[in-house]
Each structure stands twice: as structure tokens, then as C-alpha cells.
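>>> Could you work out the structure for the sequence below:
(one chain, ligands or ions: 2)
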Amino acid sequence: MHGVGFATISSLIAGSKQALSVHDRLRLDSFMIGLQILASGSAANCSVVGDVNSSLLIDIGLGVREMQNRLAATGFESSSIKAAVLTHTHTDHWKPASLNWLAKNGARLWCHAAHVDQISPTTKGLESLLNQGLVSFFQDGTPFRPIPSWTFTPIRVSHDAEPTFGFRFEREASSGRKKGAMAYLADLGTATDSLPWEMLHDLDGLALESNHDPDMLESSNRPHHLIRRIRGNNGHLSNQQCGEAAARLVRQSSGRLKSMVLLHLSRECNTAQLAKDASIKALKGLVDPKHLHVADQHAPTKPVIFTHSC
Ligand SMILES: [Zn+2]
Ligand SMILES: [Zn+2]
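Ligands and ions are numbered 1, 2, ... in the order given. Predicted coordinates:
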């Protein structure tokens, strides 16, 4: 029986009889990439969605050289990047040089109209994109199609760079490729009733913020106003809040959601182990811990890809 399943590239390779390179494997139609985190954390955020022929970036917070190095290390040609979508304008999510890189490559920037003013239309890279007609605006809750076969729906969240968005993204079915849906939600603020849960049903994969351990945050040397901001409803999700939200999303995904990446860990107030342990505890076996990954600031994370299970 054919269906859509999830596997990391490493597990696919481990199960393969032939020693194909990662790049060769990604070129096979049936091994199409879903989400590759290049960097996630309070210093820089950048991820790739799509496949090796046509892909886009979610956020462009890495410097250009580092972004290119990480794209190359994960099997992507810079020329395959056709667009970038922006979650919000905190400077760990975009860089002037990265906007310039998009403009030079003829790649389209998708953002909210308010983001242009926040960045400033005279910022060199943004000005160049605007002059070339390479800026498109999305609206909260309205699906758009930034690259072929992929539909994105912006989901407004309560983080304190208004407006901030997460995304539901779906790969359309085509010959030999099954439909699938994922969500990318970082810089959340809160995941209570203000989140439009109904837009986040039936996911196959999830990337969700797990920013801080509350005890480490409280005992950190950070000023009290910053601690209040981070733990408040317009700041960042704690490990426990992440676990609770993940469990709810897994439950409303009818058994489809089997793979997850934890995003935007605080360098000073979290560890990968604490984040992972909190989600494992909250998920109570709903997601196999070996398919629960923790995104890194300094290196690409294992990708989550769609594959046909037989
Ligand atoms: Zn951020
Ligand atoms: Zn932010």
C-alpha cells in the first residue's frame, strides 16, 4: 500500500542497498525534500522548503557566505532558490546583504506590506527588489503559491514584532508525488486560544518553537524586563508550552504527524536535551523520539522529507 510517510535522509540512506549520495537521492522524484532548517535560534534563522530544483527560504537571517555554505552542504544550488518568505522583521530573521543576494539572484520576496516600512524601502537590497518588481505581499490567512507545487498560508501569531507570521505549507499532489502539509511556527509568543488551531489540522510534519527552559530563564543574568518579555504572551514559547502545543497539533492530525523539529532555542536559557525531553514528555509516545529533531544555530538540522512508503 502506498502512502505518505516521513523519514530523515539519514534513515533513508541507512535503509538503501545502493550507496547514493545525499544529493543524488534528493534528485530522485520520490525523495522530495520538505523542510531543511539551515539555522534557527536568536542569532539567525533560515530554512529551505521545496526540492533541489525549485525551493524557497523561510527567513533570511544568515549572512550570505554562511547561507551559501549551508545550502551547498545540504545539496542545494543557490540558483534553485526562487523566493523567500519573511516571518517578521526582527533582525535575526533578515539581513540587508541577504535581501541583496535575493535581488541579484532574481528571487522574489514574499512579506506582509507592513514589513517593507519596518525594514525601510531604502534599505539597499529591498530597494533593489522593489525596483525589479520582485516583492509580493501576503495577507493573514490567504494562501499564496510562491513556488510551483507549494502553497503557503500565513498564520498571524502574537510575537512582539507586529505583524509576525507562521506558515502552513502544503505540497500539491502531482504525478508520482503525494500531497502533504507541514507547519513552521517560530517566534510565537503564545500558543493558547489566540492561535488559529483550525488552520493547523492534518499536518505531516511540524517545526515549532521551543525557546527556553523557564528555570534557566529566571536564573539567567538577563534584566528583569527582558525575562518578562520573553516569557510573556508576545515573546517566545517555553519548552513546556511547545510540548503542549505539539501534543495538541499531533492529536488534530489524525495520526499523520510523525516528524517534528524544535526551533529557536535560546543560547543562554535552554539546552537541546531539555527541549527534547520536555517535548518527549508532553507527546507521550505520539511521536517517535528518533523523529524529534532539535534545530541548531550553528549547523543545518536533519531534513524532514516526504517519501512514499510501500
Ligand atoms: Zn527570532
Ligand atoms: Zn522575533
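>>> helix/strand/coil for the residue in the chain positioned nearest to ligand 2?
Distances from the chain to ligand 2, computed as Cβ to the ion, single out residue 90 as the nearest residue at 3.4 Å. Glycine gets a C-beta too; all of them are placed from N, C-alpha and C. Secondary structure assignment for residue 90 (DSSP: H, G, I helix; E, B strand; the rest coil): coil.
>>> for the stretch 1-150 of the chain, which spans come out with low pLDDT?
Per-residue confidence for the stretch 1-150 of the chain (pLDDT under 70) gives these ranges: 1-33, 52.
>>> and it, which residues reach ligand 2?
Taking Cβ under 5 Å from the ion as the measure of proximity, the stretch 1-150 of the chain contacts ligand 2 at residue 90.
>>> Which residues are in contact with the residue of the stretch 1-150 of the chain found nearest ligand 1?
Shortest the stretch 1-150 of the chain-to-ligand 1 distance, computed as Cβ to the ion: residue-wise this is residue 92, at 4.4 Å. Contacts for residue 92 were tallied using Cβ atoms under 8 Å, 6 or more residues apart in numbering; they are 41-45, 61.
>>> What is the neighbour count of the residue of the chain closest to ligand 2?
Other residues within reach of residue 90 by the criterion other Cβ atoms under 10 Å amount to 17.
>>> Can you tell me the element the nearest residue to it once chain neighbours are set aside falls in?
Leaving out its chain neighbours, the residue that sits closest to residue 90 by Cβ to Cβ, 6 or more residues apart in numbering is residue 161, at 4.9 Å. Assigned by DSSP states H and E, residue 161 belongs to no helix or strand.
>>> Based on its surroundings, how many neighbours for residue 161?
For residue 161, which is what you asked about, the neighbour count (other Cβ under 10 Å) is 17.
>>> for residue 286, same thing?
Each residue near residue 286 was counted by other Cβ under 10 Å, and the total is 17.
>>> how about it, secondary structure?
Using three-state DSSP, the secondary structure recorded for residue 286 is coil.
>>> ditto for the one 10 residues further on
Using three-state DSSP, the secondary structure recorded for residue 296 is coil.
>>> which ones are touching residue 121?
For residue 121, the set of contacting residues under the criterion of Cβ under 8 Å, 6+ apart consists of 127, 130.
>>> how near is residue 205 to residue 136?
25 Å (Cβ to Cβ, to the nearest Å).
>>> now swap in residue 220 and tell me
Taking Cβ to Cβ, one finds residue 220 at 40 Å from residue 136.
>>> cool, residue 195 as well?
Using Cβ to Cβ, residue 195 is found at 25 Å from residue 136.
>>> Run through the helices of the stretch 51-200 of the chain in chain order.
64-73, 96-105, 113-119, 124-131 (DSSP state H, counting those that start in this stretch).
>>> Could you identify which of those is most buried?
For the helices of the stretch 51-200 of the chain, the stretch with the most neighbours on average is helix 96-105, a mean of 20; neighbours defined as mean count of other Cβ atoms under 10 Å.
>>> Which residues does that helix contact?
46, 60-64, 67, 78-79, 81, 84, 108-109, 119, 123-126, 128-129, 132, 134.
>>> Just the buried residues from the contacts of residue 92, in ChimeraX please.
Restricted to the buried members of the contacts of residue 92, where burial is judged by 16 or more other Cβ atoms under 10 Å, the ChimeraX selection command reads as follows:
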select :41,42,44,45,61
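>>> Return the closest of the contacts of residue 92 with respect to residue 292.
Sorting the contacts of residue 92 by distance to residue 292 puts residue 41 at the head of the list, at 17.5 Å, by Cβ to Cβ.
>>> which of residue 205 and residue 136 has more neighbours?
When residue 205 and residue 136 are compared for neighbours, residue 205 comes out ahead with 24 against 14, by other Cβ under 10 Å.
>>> Tell me how far the nearest residue to that one once chain neighbours are set aside lies from residue 194.
In space, not counting the residues next to it along the chain, residue 205 is nearest to residue 182; the distance is 4.0 Å by Cβ to Cβ, 6+ apart. Here the criterion is Cβ to Cβ. By it, residue 182 lies 21 Å from residue 194.
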